[in-house]
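In: My questions are about this predicted structure, shown below with the sequence.
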Amino acid sequence: MAIAGKPLTDWDSDVLGCCQDMKTCCYGFWCCPCLACTVSGNFGENSCLPLCDICGPGILAACGIPICVPPAVLSLRAGMRNRYGIKGSLCKDIVLSCFCEWCSWCQMHRELKHRKKNPTVITMQNNPVVSMQPIPTVQPAMMMMPAQPVATGFMSQPTVVIQTK
């Protein structure tokens, strides 16, 4: 599916493409929670959202609710694909979120850096707005209403008296 007539594109880098950006690779290796919070904030979401992936499974498991798909990395990955028109599927996002979470955060960080260097440009045409309003018409003068109300229904006729001489 294409967004606004634009064909879907690939990710700027592969999931295991850490050699393309060593700074992001080191950032993700030494402090992946910080990298995840940076990606979330740069994408326009709450910077603390990735803490759900870190703290959530432990807290939920303690309550007896098993969770295997980290919700923050999955939702941000799907949201990024949707916003930028990147090829992929929700199934692939789930697999990468479950088994390559840190690599997925690094890939999203590299993608955001690439998009920041090469922003998506949307060209809009400025079409003049034409206001289509009806032509004003002159209303006829109001009829004067009688001061006393007119009785409706049956009216009796005045009695006519005829006099003869």
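Out: Perfect, I can see it now.
In: Now do the helices in this protein.
Out: 22-42, 51-62, 71-84, 90-99, 101-117 (DSSP state H).
In: Got the confidence number for N82?
Out: N82 carries a pLDDT value of 92.
In: actually N118, not the one I typed
Out: Reading off the model, N118 has pLDDT 64.
In: got it, and C34?
Out: Per the predicted model, pLDDT is 89 at C34.
In: hang on, the earlier thing: tell me which of the helices of the chain sits nearest to D14.
Out: helix 101-117 (7.3 Å; CB to CB). All C-beta atoms are positioned from the backbone trio N, CA, C, and that covers glycine.
In: so where's the protein uncertain?
Out: 1-5, 57-58, 118-125, 127-165 (pLDDT under 70).
In: residues contacting the closest residue to M108 other than its chain neighbours?
Out: Residue nearest to M108 in three dimensions, not counting chain neighbours: V39, with 5.0 Å by CB to CB, 6 or more residues apart in numbering. By CB atoms under 8 Å, 6 or more residues apart in numbering, V39 lies in contact with P50, L76, W105, M108, H109, L112.
In: Pick out whichever of those sits closest to F29.
Out: W105 (10.8 Å).
In: The closest residue in space to the closest one that isn't next to it in sequence and C48, how far apart?
Out: Excluding the flanking residues, the one nearest W105 by CB to CB, 6+ apart is A36, at 4.9 Å. Separation of A36 from C48 (CB to CB, to the nearest Å): 10 Å.
In: higher neighbour count, the two?
Out: A36 (29 against 12; other CB atoms under 10 Å).
In: Enumerate every residue touching the more buried one.
Out: P50, D53, A72, V73, W105.
In: how about CSV for the residues you listed, with distance to G17 and neighbour count added?
Out: Below are the contacts of A36 laid out as CSV (distance: CB to CB, whole Å; neighbours: other CB atoms under 10 Å):
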residue, distance to G17, neighbour count
P50, 21, 28
D53, 22, 22
A72, 22, 24
V73, 17, 26
W105, 13, 29
